[in-house]
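Asks: Just a sequence and a predicted model for now, questions to come.
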Amino acid sequence: MRCPWAEAHPEYGPYHDQEWGTPVYDSRALYEKLVLDGFQAGLSWITVLRKRAALREAFQGFDPEIVASFDDADIERLMNDARIIRSRTKINSAIHNARVTLKLRDQGIELSDLIWALQDYKPQVNHYTENTQIPAQTDASVALSKLLKSKGYKFCGPTIVYAFMQAVGLVNDHLISCDRHQTLKPV
C-alpha cells in the first residue's frame, strides 16, 4: 500500500516507491534536491517532477562546480529554455546556492554533514495515520532553514526545507499504512 498522494499522478508512484523519504547523504544530490524544492515554491511538485530531467540537463547534472560558474549568458540560455521552470529569481538562486556549497566545501564543510549533523545522521521516523496530520513545517525545518540561511543559502524557508527533509529522508513521513514506512525505518 502507498501513501494516498502517490496515486494522484502516474509519475508520483515511482517517485514515492523509489525516492521519497529515502535517506540521501551525497552532497551533490542534496544540493540538487534543495534547488528543485526551491523551484517548487508556488508550484505543485508534479510540475517540478515532470520538468526534472530537463532541469538536470539544463543545470549540467546539478554539479555545483559547473553551476557555480554560470554567467549571464547561461542565465539567458536558461530563461529561454521552455522545457524548464523559467524564473530568473529561482535560476539565480540555484547558481548562488552552488557557490555557497563550494564556499562551504572550501571551509571543510560538506553540505551533507551540515544538514545531517542536526539529526545525528539519523532520520526522524514519524507515525502519521492520515495526510492531514503531516505538518507543512516543524521546529526542525525552522532550525535547518535558519542554519542554511546563516550560511548564505536562498530559497530555503521552513516550508521548502520541510519538503526537502521529507524528500531526502531526514524525516520519514510515509503513513504507517504505507509499505515504505516500515522499509525505511532505521534498524
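Replies: Noted; the coordinates are in hand.
Asks: Below-threshold pLDDT in the protein: ranges please.
Replies: 187 (pLDDT under 70).
Asks: Centroid-nearest residue for it?
Replies: Centroid-nearest residue in the chain: residue 33, 3.0 Å away (criterion: CA atoms, centre = their mean).
Asks: which is the next helix or strand following the helix or strand that one falls within?
Replies: Following DSSP states H and E, one finds residue 33 within helix 27-40. Under the assignment DSSP H and E, the closest C-terminal helix or strand after helix 27-40 is helix 45-58.
Asks: which other helices and strands contact the helix holding residue 33?
Replies: helix 45-58, helix 64-67, helix 88-106, helix 111-116, helix 158-167 (3 or more CB pairs under 8 Å, 6 or more residues apart in numbering; DSSP states H and E). Every residue, glycine included, has its C-beta placed from N, CA and C.
Asks: how about these in a markdown table, adding mean neighbour count and distance to residue 28?
Replies: Shown next, in a markdown table, are those (neighbours: other CB atoms under 10 Å; distance: least, CB to CB, whole Å):
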| stretch | mean neighbour count | distance to residue 28 |
| --- | --- | --- |
| helix 45-58 | 16 | 11 |
| helix 64-67 | 18 | 7 |
| helix 88-106 | 18 | 9 |
| helix 111-116 | 19 | 8 |
| helix 158-167 | 22 | 15 |
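Asks: Those: which one's closest to residue 133?
Replies: helix 158-167 (13.3 Å; CB to CB).
Asks: Only the C-alpha atoms, please, for that closest one, written as CSV.
Replies: Taking C-alpha atoms only, helix 158-167 is exported to CSV below (Å, rounded to 0.1, in the frame of the first residue of the first chain):
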residue,chain,number,x,y,z
PRO,A,158,10.9,26.4,6.7
THR,A,159,8.2,25.0,4.4
ILE,A,160,10.5,24.4,1.5
VAL,A,161,13.0,22.9,3.9
TYR,A,162,10.4,20.6,5.3
ALA,A,163,9.5,19.3,1.9
PHE,A,164,13.2,18.8,1.3
MET,A,165,13.6,17.0,4.6
GLN,A,166,10.8,14.6,3.6
ALA,A,167,12.2,14.0,0.2
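Asks: My guess is residue 75 contacts residue 91. True?
Replies: Yes: if you go by CB atoms under 8 Å, residue 75 and residue 91 touch, sitting 5.8 Å apart.
Asks: Done for today, thanks.
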